[in-house]
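Q: structure for the following, please:
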Amino acid sequence: MQKLLETLNQKTEKLFLGGGINKIQKHKEKGKMTAWERIIYLLDENKPYTEIGIFAGDNMYEEHGGCPNAGVVVVLGYVQNKLCIIVSNDATVKAGAWFPISGKKNLRAQEIAMENHLPIIYLVDSAGVYLPMQEEIFPDKEHFGRIFRNNAKMSSMGIPQIAAIMGSCVAGGAYLPIMSDYALIVEGTGSVFLAGSYLVKSSIGEVIDNETLGGATTHTEISGVVDNKYPDDASCLNAIKNIIEKIGENPKAGFSRIEPKLSKLTPESIYQNLPDDRLKPYNMLQILDAIVDEGTLEEYKKDYGKTLMCALARVDGWAVGIVANQREIVKAKKPGGTQEMQMGGVIYSDSADKAARFIMNCNQQKIPLVFFQDVTGFMVGSRSEHGGIIKDGAKMVNAMANSVVPKFTFIIGNSYGAGNYAMCGKAYDPRLIYAWPTAQMAVMSGASAGKTLLQIQEATLKAKGVTLSQEEKQILLKEIEDKYNEQLSPYYAAARLWVDGVIDPKDTRKIISMGIEAANHNADIPRYNVGVIQT
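A: Sure, this is the predicted structure:
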């Protein structure tokens, strides 16, 4: 774990450099703060915050020079004692241009603001769509245009949107700040227009400079497009603080919270209690005792369906319902007698049935749900199939998918196949979803996938009259497994925003608490209707 955490810290620190030291220096020579400096200036001191979409774009677009952190920083944090989403373009990365993953990350930020009715602050400093990849960000439903659609939707929902134009803001991107409730601009560095001076000249022959075309003076004194201008970044950010400070409170959802208690174990104890071996059993209670408030954990049906742990608890004072996979040793009948087997978070029929009932209870009682994934999937084989594993698995998926209370997911180990779905993977709308450095996500493990794909390739070659030697099989198997194992990495998932980031396990408690506090801002919780569940 220590080695994994060192890698996590190194990768995180590198992201603060954005496009690199030289780009940062040139950026600051223009009198501008960096994307992170703007965020830190806005955030309340000594208050927690969490980054959304950290590692987005990691090791992607190498042929285009890369796009670290998707060229935009997104943070959930406190501004003037109000929980907000902050979106800050990083102009040191390709001038803040929008890659496909940048669009996806911005949409994720808006999604969180909409789900939780949180104010959203845009710190705009972007050259617009990255033109060499325009077909992957421009025309589709979840592409660039969806951002402006969301601007309009949030406005109708009464969600405050504040935009500060602190650098370039061109073409379609110009609509984002102007569709916000407040639009501010920094003199000398901020500009906003549908077409820059070069495009204006080539299109209509007019010769004009960018400042006259769409600078601060033009848009505050002539067009009225922007509300107010400010001499520098700091004064513009101060204005944002003044606006946020005056926003009224939303009705609360009413999730239960009492005075927090420290966890029974230190967060660092997780490092020792989660084994390195992915099949080795461990006690999930020891993991949870380092996260939940001391003395608050109450198991549900603890002697039934033991490969899934369900429990009520409190995290930083907030009431939660926990659904967690449990690796354990089970006795199985095999030729030659009974044999002990290590089951790495397999979901059996009784486990799925228990979880479905527990999820329904939490929805009835307005208790947010937290999922801890370490799952290899549902149990297979004739005994399970004859016992109705598909039916029981469907119960669990149905209950979880129709859940209306906020859901939060942490992938702490394996996350394979349908187990990912049943345990509230990204497709099932968790409010926040994070991976620990120990996480792996795929349809199946690398070893299983390697053997399966090797068999398929062998059959294909055999049909063509080609037979592989044992040495050739081993070489092919290694190639398949190496490629597959690379895709199992939590950073591979974070790069594509399948998770909101990779975190140190000790930050789990903080993220759950902030997530529920954010969810508590939205009182509009629909009625729970689980749909059809076969009994």
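Q: give me the low-pLDDT residue ranges for the stretch 101-250 of the chain?
A: In the predicted model of the stretch 101-250 of the chain, residues 172 satisfy pLDDT under 70.
Q: that one: helices as residue ranges?
A: 145-157, 175-178, 197-204, 210-214, 216-217, 233-245 (DSSP state H, counting those that start in this stretch).
Q: which strands and helices lie in contact with the second one?
A: With contacts defined as 3 or more CB pairs under 8 Å, 6 or more residues apart in numbering; DSSP states H and E, helix 175-178 has these neighbours: strand 120-126, helix 145-157, strand 161-169. The way it works is simple: take the backbone N, C-alpha and C, and place the C-beta from them, glycine included.
Q: make JSON lines from those and add mean neighbour count to it.
A: Formatted as JSON lines, these follow (neighbours: other CB atoms under 10 Å):
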{"stretch": "strand 120-126", "mean neighbour count": "28"}
{"stretch": "helix 145-157", "mean neighbour count": "16"}
{"stretch": "strand 161-169", "mean neighbour count": "26"}
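Q: got JSON lines for those, with distance to Glu259 too?
A: Converted to JSON lines, the helices and strands packed on helix 175-178 look like this (distance: least, CB to CB, whole Å):
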{"stretch": "strand 120-126", "distance to Glu259": "31"}
{"stretch": "helix 145-157", "distance to Glu259": "33"}
{"stretch": "strand 161-169", "distance to Glu259": "33"}
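Q: would JSON lines of the helices of the stretch 101-250 of the chain with distance to Tyr49 be doable?
A: Converted to JSON lines, those look like this (distance: least, CB to CB, whole Å):
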{"stretch": "helix 145-157", "distance to Tyr49": "21"}
{"stretch": "helix 175-178", "distance to Tyr49": "23"}
{"stretch": "helix 197-204", "distance to Tyr49": "38"}
{"stretch": "helix 210-214", "distance to Tyr49": "33"}
{"stretch": "helix 216-217", "distance to Tyr49": "30"}
{"stretch": "helix 233-245", "distance to Tyr49": "15"}
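Q: deepest-packed of these, please.
A: Counting by mean count of other CB atoms under 10 Å, helix 175-178 has the highest mean neighbour count of the helices of the stretch 101-250 of the chain, with a mean of 21.
Q: just the CA trace of that one, in PDB.
A: Provided in PDB are the C-alpha atoms of helix 175-178 (Å, rounded to 0.1, in the frame of the first residue of the first chain):
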ATOM      1  CA  TYR A 175     -22.100  31.100 -24.400                       C
ATOM      2  CA  LEU A 176     -21.100  29.400 -21.100                       C
ATOM      3  CA  PRO A 177     -20.300  32.600 -19.100                       C
ATOM      4  CA  ILE A 178     -23.100  34.600 -20.800                       C
END
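Q: once you drop chain neighbours, what's closest to Leu184?
A: Ala164 (4.6 Å; CB to CB, 6 or more residues apart in numbering).
Q: from Phe358, how far off is that neighbour?
A: Separation of Ala164 from Phe358 (CB to CB, to the nearest Å): 45 Å.
Q: picking up where we left off before, and Gln2, which of the helices of the stretch 101-250 of the chain is closest to it?
A: helix 233-245 (37.6 Å; CB to CB).
Q: the closest one: how far from the chain's middle?
A: Centroid separation for helix 233-245 versus its chain: 27 Å, with CA atoms, centre = their mean, to the nearest Å.
Q: got a list of contacts for it?
A: 31-33, 38, 41-42, 79-80, 82, 84, 119, 121, 160, 162, 164, 166, 182, 184-186, 189, 228, 230 (CB atoms under 8 Å, 6 or more residues apart in numbering).
Q: looking at the helices and strands packed on helix 175-178, which is nearest to Pro505?
A: Per CB to CB, nearest to Pro505 of these: strand 120-126, 28.7 Å.
Q: understood, closing this out.
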